[in-house]
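Student: Predicted model and sequence follow; I will ask about them next.
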Amino acid sequence: MAQSAPLLLRVVASSVNASARAGKIIRDIMSQGDLSIVEKGKNDLQTEADRSAQRCILASLSRQFPNVTIIGEEDSSNCEVPSDWVVAESDPDVLGIKLPPHLENLEDKDLCIWVDPLDGTSEYTQGLVEHVTVLIGVAVREKAIGGVIHQPYYKNPDNGELGRTMWGIDGVGTGGLKLIAPPEGKRVITTTRSHFDSTVKSAMDAMGADEVLRVGGAGHKVLLLLEGKAHAYVFASAGCKRWDTCGPEAILHAFGGTLTDVHGERYSYNAETGHPNKGGVLATAPGQPHSWYLARIPDEIKQKLV
(Lines give C-alpha, C1' and ligand atoms only; values in the text may rest on other atoms or scores of the structure.)
Protein backbone atom coordinates (compact mmCIF):
# COMPACT_ATOMS: atom_id res chain seq x y z
CA MET A 1 0.00 0.00 0.00
CA ALA A 2 2.80 2.39 0.91
CA GLN A 3 4.45 2.43 -2.52
CA SER A 4 1.14 2.94 -4.31
CA ALA A 5 0.17 5.92 -2.14
CA PRO A 6 0.82 9.48 -3.42
CA LEU A 7 4.25 10.95 -2.63
CA LEU A 8 2.94 13.54 -0.14
CA LEU A 9 1.17 10.88 1.93
CA ARG A 10 4.24 8.63 1.92
CA VAL A 11 6.48 11.47 3.12
CA VAL A 12 4.13 12.51 5.94
CA ALA A 13 3.46 8.89 6.94
CA SER A 14 7.19 8.15 7.10
CA SER A 15 7.80 11.37 9.04
CA VAL A 16 5.31 10.28 11.70
CA ASN A 17 7.31 7.14 12.43
CA ALA A 18 10.72 8.79 12.09
CA SER A 19 9.76 11.53 14.56
CA ALA A 20 8.72 8.95 17.15
CA ARG A 21 12.04 7.11 16.78
CA ALA A 22 13.88 10.43 17.17
CA GLY A 23 11.86 11.07 20.32
CA LYS A 24 13.07 7.81 21.85
CA ILE A 25 16.67 8.78 21.04
CA ILE A 26 16.13 12.11 22.80
CA ARG A 27 14.83 10.33 25.92
CA ASP A 28 17.65 7.77 25.84
CA ILE A 29 20.37 10.44 25.70
CA MET A 30 18.77 12.39 28.54
CA SER A 31 18.61 9.25 30.70
CA GLN A 32 22.30 8.53 30.03
CA GLY A 33 23.17 11.91 31.54
CA ASP A 34 25.76 13.24 29.05
CA LEU A 35 24.14 15.87 26.81
CA SER A 36 27.47 17.03 25.24
CA ILE A 37 26.25 20.63 24.98
CA VAL A 38 27.72 22.95 22.32
CA GLU A 39 26.98 26.69 22.21
CA LYS A 40 26.27 27.64 18.58
CA GLY A 41 25.55 31.28 19.43
CA LYS A 42 23.81 33.51 21.94
CA ASN A 43 20.86 31.61 23.44
CA ASP A 44 21.45 28.89 20.84
CA LEU A 45 22.50 25.52 22.22
CA GLN A 46 23.01 22.14 20.61
CA THR A 47 23.18 18.78 22.38
CA GLU A 48 24.01 15.22 21.41
CA ALA A 49 20.25 14.66 21.34
CA ASP A 50 19.81 17.35 18.63
CA ARG A 51 22.55 15.81 16.53
CA SER A 52 21.49 12.19 16.95
CA ALA A 53 17.77 12.87 16.42
CA GLN A 54 18.56 14.69 13.17
CA ARG A 55 20.77 11.84 11.96
CA CYS A 56 17.91 9.44 12.63
CA ILE A 57 15.34 11.53 10.74
CA LEU A 58 17.57 12.43 7.79
CA ALA A 59 18.78 8.84 7.35
CA SER A 60 15.23 7.49 7.54
CA LEU A 61 13.72 9.97 5.09
CA SER A 62 16.61 10.32 2.65
CA ARG A 63 16.80 6.56 2.10
CA GLN A 64 13.12 6.47 1.18
CA PHE A 65 13.03 9.78 -0.70
CA PRO A 66 16.57 10.36 -2.04
CA ASN A 67 15.49 13.04 -4.51
CA VAL A 68 13.46 15.17 -2.11
CA THR A 69 15.30 18.15 -0.58
CA ILE A 70 15.63 17.86 3.21
CA ILE A 71 16.82 20.82 5.27
CA GLY A 72 17.70 20.25 8.93
CA GLU A 73 18.58 22.69 11.69
CA GLU A 74 21.84 21.00 12.61
CA ASP A 75 24.89 20.63 10.38
CA SER A 76 24.88 17.46 8.32
CA SER A 77 27.04 14.60 9.54
CA ASN A 78 28.70 11.81 7.60
CA CYS A 79 28.81 9.58 10.68
CA GLU A 80 27.36 6.14 10.22
CA VAL A 81 23.86 5.82 11.61
CA PRO A 82 23.02 2.79 13.78
CA SER A 83 20.73 0.45 11.87
CA ASP A 84 18.01 0.63 14.52
CA TRP A 85 17.82 4.41 14.00
CA VAL A 86 16.73 4.00 10.38
CA VAL A 87 12.95 3.80 10.19
CA ALA A 88 11.36 2.24 7.12
CA GLU A 89 7.78 1.92 8.40
CA SER A 90 4.98 4.36 7.59
CA ASP A 91 1.88 5.37 9.52
CA PRO A 92 -1.10 3.49 8.00
CA ASP A 93 -3.67 6.12 9.02
CA VAL A 94 -1.89 8.75 6.93
CA LEU A 95 -1.47 6.41 3.97
CA GLY A 96 -5.21 5.74 3.92
CA ILE A 97 -6.20 9.37 3.36
CA LYS A 98 -7.69 10.60 0.08
CA LEU A 99 -5.89 13.65 -1.29
CA PRO A 100 -7.44 16.36 -3.45
CA PRO A 101 -6.39 16.19 -7.13
CA HIS A 102 -3.84 19.02 -6.91
CA LEU A 103 -1.81 17.10 -4.31
CA GLU A 104 -2.07 13.60 -5.80
CA ASN A 105 0.61 13.61 -8.48
CA LEU A 106 3.41 15.66 -6.99
CA GLU A 107 7.02 15.02 -8.00
CA ASP A 108 10.12 14.94 -5.81
CA LYS A 109 11.12 18.43 -6.94
CA ASP A 110 7.80 19.84 -5.70
CA LEU A 111 8.55 18.97 -2.07
CA CYS A 112 10.94 20.31 0.56
CA ILE A 113 11.19 18.78 4.05
CA TRP A 114 12.16 21.00 7.01
CA VAL A 115 13.44 19.28 10.16
CA ASP A 116 13.94 20.61 13.68
CA PRO A 117 15.10 17.45 15.46
CA LEU A 118 14.76 18.94 18.96
CA ASP A 119 12.73 22.11 19.32
CA GLY A 120 13.24 23.63 22.78
CA THR A 121 16.90 22.71 23.30
CA SER A 122 17.47 25.32 26.01
CA GLU A 123 14.58 23.93 28.03
CA TYR A 124 15.78 20.36 27.40
CA THR A 125 19.16 21.17 28.96
CA GLN A 126 17.35 22.61 32.01
CA GLY A 127 15.17 19.54 32.47
CA LEU A 128 11.98 21.27 31.25
CA VAL A 129 11.28 18.35 28.98
CA GLU A 130 7.56 19.05 28.55
CA HIS A 131 8.58 21.95 26.26
CA VAL A 132 10.46 19.65 23.87
CA THR A 133 9.10 18.61 20.46
CA VAL A 134 10.40 17.01 17.27
CA LEU A 135 9.24 18.94 14.20
CA ILE A 136 9.01 17.83 10.58
CA GLY A 137 7.37 20.06 7.97
CA VAL A 138 6.61 19.20 4.36
CA ALA A 139 6.31 22.08 1.92
CA VAL A 140 4.69 21.75 -1.48
CA ARG A 141 6.46 24.31 -3.62
CA GLU A 142 6.28 27.39 -1.35
CA LYS A 143 3.50 26.43 1.07
CA ALA A 144 3.67 24.48 4.32
CA ILE A 145 1.22 21.65 3.62
CA GLY A 146 2.17 18.68 5.81
CA GLY A 147 3.39 18.72 9.39
CA VAL A 148 4.37 16.39 12.20
CA ILE A 149 4.89 17.31 15.87
CA HIS A 150 6.14 14.63 18.25
CA GLN A 151 6.26 15.17 22.02
CA PRO A 152 8.84 12.75 23.46
CA TYR A 153 7.85 13.34 27.08
CA TYR A 154 4.07 13.43 26.81
CA LYS A 155 2.73 10.81 29.25
CA ASN A 156 -0.25 8.86 27.97
CA PRO A 157 -2.91 9.07 30.73
CA ASP A 158 -4.29 5.64 29.85
CA ASN A 159 -1.15 3.49 29.93
CA GLY A 160 1.63 5.79 31.19
CA GLU A 161 3.70 5.38 28.02
CA LEU A 162 5.83 8.32 26.91
CA GLY A 163 5.48 10.08 23.57
CA ARG A 164 2.69 11.16 21.25
CA THR A 165 2.65 12.27 17.64
CA MET A 166 0.33 14.76 15.92
CA TRP A 167 0.13 15.28 12.18
CA GLY A 168 -1.81 17.41 9.75
CA ILE A 169 -2.14 18.00 6.03
CA ASP A 170 -3.62 21.41 5.25
CA GLY A 171 -7.06 21.09 3.72
CA VAL A 172 -6.98 17.30 4.00
CA GLY A 173 -6.93 15.91 7.54
CA THR A 174 -5.37 15.65 10.98
CA GLY A 175 -4.48 12.98 13.50
CA GLY A 176 -3.16 12.36 17.00
CA LEU A 177 -4.86 15.30 18.71
CA LYS A 178 -8.39 16.34 19.63
CA LEU A 179 -8.93 20.07 19.11
CA ILE A 180 -10.02 22.03 22.20
CA ALA A 181 -11.28 25.62 22.02
CA PRO A 182 -9.55 28.21 24.26
CA PRO A 183 -11.54 29.67 27.18
CA GLU A 184 -14.00 32.49 26.57
CA GLY A 185 -14.00 35.71 28.56
CA LYS A 186 -10.21 36.03 28.82
CA ARG A 187 -7.23 36.33 26.50
CA VAL A 188 -4.22 34.06 26.96
CA ILE A 189 -1.11 34.72 24.86
CA THR A 190 1.93 32.48 24.60
CA THR A 191 5.37 33.76 23.70
CA THR A 192 9.06 32.99 23.99
CA ARG A 193 10.70 31.98 27.23
CA SER A 194 14.38 32.30 26.30
CA HIS A 195 14.35 35.11 23.69
CA PHE A 196 12.29 37.72 25.56
CA ASP A 197 13.50 41.30 24.87
CA SER A 198 12.05 44.83 24.84
CA THR A 199 10.51 44.43 21.37
CA VAL A 200 8.83 41.17 22.27
CA LYS A 201 7.58 42.76 25.50
CA SER A 202 6.14 45.76 23.61
CA ALA A 203 4.19 43.50 21.31
CA MET A 204 2.89 41.50 24.24
CA ASP A 205 1.84 44.66 26.10
CA ALA A 206 -0.16 45.75 23.05
CA MET A 207 -2.20 42.56 23.15
CA GLY A 208 -3.88 43.33 26.46
CA ALA A 209 -3.52 39.74 27.59
CA ASP A 210 -5.13 38.52 30.78
CA GLU A 211 -2.42 35.86 31.02
CA VAL A 212 0.95 35.34 29.33
CA LEU A 213 2.50 31.88 28.97
CA ARG A 214 6.24 32.10 28.39
CA VAL A 215 7.32 28.68 27.18
CA GLY A 216 10.01 27.12 25.01
CA GLY A 217 9.69 25.81 21.47
CA ALA A 218 7.53 26.87 18.52
CA GLY A 219 6.00 23.41 18.37
CA HIS A 220 5.02 23.57 22.02
CA LYS A 221 3.41 27.00 21.58
CA VAL A 222 1.32 25.87 18.61
CA LEU A 223 0.17 22.84 20.62
CA LEU A 224 -1.02 25.23 23.34
CA LEU A 225 -3.26 26.85 20.70
CA LEU A 226 -4.68 23.48 19.65
CA GLU A 227 -5.20 22.22 23.19
CA GLY A 228 -7.24 25.26 24.25
CA LYS A 229 -4.57 26.68 26.55
CA ALA A 230 -3.86 29.88 24.59
CA HIS A 231 -5.62 32.07 22.07
CA ALA A 232 -2.57 33.37 20.22
CA TYR A 233 1.19 32.92 19.89
CA VAL A 234 3.05 36.22 19.46
CA PHE A 235 6.78 36.41 18.76
CA ALA A 236 7.89 39.86 17.59
CA SER A 237 11.45 38.85 16.78
CA ALA A 238 13.49 37.51 13.87
CA GLY A 239 14.92 34.73 16.06
CA CYS A 240 12.81 31.92 14.59
CA LYS A 241 13.74 29.77 11.56
CA ARG A 242 11.82 27.96 8.83
CA TRP A 243 12.36 24.55 10.47
CA ASP A 244 10.69 25.93 13.62
CA THR A 245 7.48 26.88 11.84
CA CYS A 246 6.95 24.75 8.71
CA GLY A 247 5.51 21.69 10.49
CA PRO A 248 3.57 23.61 13.15
CA GLU A 249 2.14 25.98 10.53
CA ALA A 250 0.88 23.10 8.39
CA ILE A 251 -0.74 21.37 11.37
CA LEU A 252 -2.29 24.58 12.71
CA HIS A 253 -3.78 25.42 9.30
CA ALA A 254 -5.05 21.84 8.95
CA PHE A 255 -6.99 22.33 12.20
CA GLY A 256 -8.34 25.70 11.04
CA GLY A 257 -5.92 28.10 12.74
CA THR A 258 -3.53 30.61 11.17
CA LEU A 259 0.22 31.29 11.26
CA THR A 260 1.83 34.26 9.51
CA ASP A 261 4.52 36.85 10.09
CA VAL A 262 3.59 40.08 11.93
CA HIS A 263 2.54 41.62 8.60
CA GLY A 264 0.01 38.88 7.91
CA GLU A 265 2.09 37.19 5.21
CA ARG A 266 2.70 33.44 5.10
CA TYR A 267 6.30 32.27 4.89
CA SER A 268 7.77 30.60 1.83
CA TYR A 269 9.23 27.13 2.42
CA ASN A 270 10.74 26.15 -0.91
CA ALA A 271 14.31 24.89 -0.97
CA GLU A 272 15.73 28.20 -2.20
CA THR A 273 14.24 30.42 0.51
CA GLY A 274 16.26 31.92 3.35
CA HIS A 275 16.12 30.22 6.74
CA PRO A 276 15.38 33.12 9.18
CA ASN A 277 11.78 34.15 9.83
CA LYS A 278 12.63 37.84 9.66
CA GLY A 279 9.03 38.96 10.06
CA GLY A 280 8.44 37.27 13.40
CA VAL A 281 5.55 34.93 14.12
CA LEU A 282 1.86 35.48 14.83
CA ALA A 283 -0.29 32.39 15.21
CA THR A 284 -3.90 32.16 16.31
CA ALA A 285 -6.02 29.24 17.48
CA PRO A 286 -8.87 27.99 15.29
CA GLY A 287 -11.79 30.39 15.50
CA GLN A 288 -9.72 33.33 16.72
CA PRO A 289 -9.71 36.61 14.72
CA HIS A 290 -6.18 36.67 13.30
CA SER A 291 -6.71 40.15 11.82
CA TRP A 292 -7.48 41.56 15.29
CA TYR A 293 -4.10 40.44 16.61
CA LEU A 294 -2.33 41.75 13.50
CA ALA A 295 -3.92 45.16 13.99
CA ARG A 296 -2.74 45.31 17.63
CA ILE A 297 0.95 44.95 16.78
CA PRO A 298 2.45 48.47 16.83
CA ASP A 299 3.65 49.88 13.49
CA GLU A 300 7.12 50.59 14.91
CA ILE A 301 7.53 46.90 15.66
CA LYS A 302 6.34 45.90 12.20
CA GLN A 303 8.88 48.28 10.68
CA LYS A 304 11.67 46.53 12.56
CA LEU A 305 10.63 43.11 11.29
CA VAL A 306 10.98 43.35 7.52
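Tutor: Arrived safely.

Student: Correct me if wrong: residue 305 contacts residue 236.
Tutor: Yes. Look at residue 305 against residue 236 with Cβ atoms under 8 Å: they come within range, at 6.6 Å. C-beta: built from backbone N, CA, C; applies to glycine.

Student: Give the residues shared as contacts by those two.
Tutor: 262, 280 (Cβ atoms under 8 Å, 6 or more residues apart in numbering).

Student: Who has more neighbours out of the two?
Tutor: residue 236 (27 against 20; other Cβ atoms under 10 Å).

Student: got a list of what the more buried one touches?
Tutor: Contacts of residue 236 (Cβ under 8 Å, 6+ apart): 199, 200, 202, 203, 204, 262, 280, 297, 301, 305.

Student: Check residue 245 too.
Tutor: Counting by Cβ under 8 Å, 6+ apart, residue 245 makes contact with 137, 144, 218, 259, 267, 277, 281.

Student: would you say it is within a helix?
Tutor: Yes. Judged by DSSP: H, G, I helix; E, B strand; the rest coil, residue 245 forms part of a helix.

Student: picking that back up, check the contacts of residue 236 and tell me the two furthest apart.
Tutor: 204 and 305 (14.4 Å; Cβ to Cβ).

Student: Out of the contacts of residue 245, which comes closest to residue 58?
Tutor: residue 137 (14.0 Å).

Student: Please verify my assumption that the closest one contacts residue 249.
Tutor: Yes. Counting by Cβ under 8 Å, residue 249 is a contact partner of residue 137 at 7.1 Å.

Student: Low-confidence bits of this structure, can you list those?
Tutor: Low-confidence segments of the chain, defined by pLDDT under 70: 1-2, 34, 37-45, 75-78.

Student: longest helix in it, by residue count?
Tutor: helix 7-32 (DSSP state H).

Student: Mind listing what's buried along it?
Tutor: For helix 7-32, the buried set under the neighbour-count rule, 16 or more other Cβ atoms under 10 Å, comprises 7-27, 29-30.

Student: now swap in stretch 236-256 and tell me
Tutor: Under the neighbour-count criterion of 16+ other Cβ under 10 Å, stretch 236-256 has 236-255 buried.

Student: Looking at these, which are in helices?
Tutor: Assignment to helices by DSSP H places the following of these there: 242-255.

Student: Looking at those, which is nearest residue 48?
Tutor: Using Cβ to Cβ, the shortest approach to residue 48 within these belongs to residue 243, at 18.7 Å.

Student: shouldn't residue 27 be in contact with residue 161?
Tutor: No. Judged on Cβ under 8 Å, residue 27 makes no contact with residue 161 at a distance of 11.4 Å.

Student: so what's residue 260 up against?
Tutor: Neighbours of residue 260 in contact, by Cβ under 8 Å, 6+ apart: 266, 267, 281, 282, 283, 290, 294.

Student: Who are the packing partners of whichever strand or helix holds the fifth one?
Tutor: Right, residue 283. According to DSSP states H and E, residue 283 maps onto strand 281-284. On a contact count with 3 or more Cβ pairs under 8 Å, 6 or more residues apart in numbering; DSSP states H and E, strand 281-284 meets helix 218-226, strand 232-235, helix 242-255, strand 258-260, helix 290-296.
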